[in-house]
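>>> Compute the structure for the input listed below.
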Amino acid sequence: MTITSKHIDYKDADGTVFEGVVYIPENAKNSKVPAVLVFPAFRGITEFEKDKGHQLAELGYFAFVADVYGKGVRPTERADAFATMGPLVSNLVSYHGTLKPIPDLPLDPILETSVQVHHGDADFHIAKDQVDGFHEEMRTRQADFVFVSHAKAVHAFTEPEADSFNAPGIGYNEKAAKRSWMATLGIFDEVFA
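This next block holds a predicted model:
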């Protein structure tokens, strides 16, 4: 299938310019297709997010990789990143994300966002008390959530280049990457049915 990709500038209500990337499958030219928004991790749009957008388009989805910080802007603090992204999300899938709450970040008492978390069971960067705390927060906030712990997977297990980071406890795990991706597509089937 032929995929067309383009960088798209767009503005918010305040006039801030953002630069996202759109991936259009060939089948979208003559028919309606489901759209999927891909939100980047802390570093903003990287080749990893672009690759996911392309993969989604190959499956027939219209994919848009969103820039949530502003054209050329990248956050340096985690709290700034999460404060920017939070209000935009109605369904969320997290791969090897940090589960520790951000101090002083105001949260709605009831979480309306559906959450699917993919965690590396061997990820020592995320302590067991963080996993337990995450579960407790989801229950307290009456969230619709799924938590999957992938055996033998460490931090960054979905990123094929993770082994080149040469950092302890960070590495690619093909099986966990494929399984988490298939679970993500399952959520899309549910949401777009």
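>>> got a list of contacts for the helix or strand where Ala63 lies?
In this structure, Ala63 is located in strand 62-65 according to DSSP states H and E. Strand 62-65 is contacted by residues 8, 20-25, 28, 33-38, 40, 45, 49-50, 52-54, 56-57 when judged by Cβ atoms under 8 Å, 6 or more residues apart in numbering. (C-beta placed from N, C-alpha, C; glycine too.)
>>> can we see that at 10 Å?
Counting by Cβ atoms under 10 Å, 6 or more residues apart in numbering, the neighbours of strand 62-65 from elsewhere in the structure are 3, 5, 7-8, 10, 19-25, 27-28, 32-40, 45-46, 48-57.
>>> next one: stretch 119-130
With contacts defined as Cβ under 10 Å, 6+ apart, stretch 119-130 is touched by 94-101, 131, 133-134, 147-158, 167-171, 173, 176, 180.
>>> Between the two ends of it, how far is it?
Its start and end residues considered, stretch 119-130 measures 12 Å (Cα to Cα, to the nearest Å).
>>> Pull out the buried residues from the lengthiest helix in the chain.
Determined from DSSP state H, the single longest helix within the chain is helix 174-192. Of the residues in helix 174-192, those with enough neighbours to count as buried (16 or more other Cβ atoms under 10 Å) are 176-177, 179-181, 184, 188.
>>> CA-only coordinates of that helix in CSV, if you can.
The C-alpha coordinates for helix 174-192 follow below in CSV (Å, rounded to 0.1, in the frame of the first residue of the first chain):
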residue,chain,number,x,y,z
GLU,A,174,10.9,-8.1,20.3
LYS,A,175,8.3,-10.4,21.8
ALA,A,176,7.0,-7.8,24.3
ALA,A,177,7.1,-5.1,21.6
LYS,A,178,4.9,-7.2,19.2
ARG,A,179,2.5,-8.2,22.0
SER,A,180,2.1,-4.7,23.2
TRP,A,181,1.5,-3.5,19.7
MET,A,182,-1.1,-6.1,19.0
ALA,A,183,-2.9,-5.2,22.3
THR,A,184,-2.9,-1.5,21.1
LEU,A,185,-4.5,-2.5,17.8
GLY,A,186,-7.1,-4.5,19.8
ILE,A,187,-8.0,-1.2,21.6
PHE,A,188,-8.3,0.5,18.3
ASP,A,189,-10.7,-2.2,17.1
GLU,A,190,-12.8,-1.7,20.2
VAL,A,191,-12.8,2.1,20.0
PHE,A,192,-13.4,2.3,16.2
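>>> elements contacting that helix?
Judged by 3 or more Cβ pairs under 10 Å, 6 or more residues apart in numbering; DSSP states H and E, helix 174-192 is in contact with strand 35-38, helix 47-58, strand 91-95, strand 114-120, strand 145-150.
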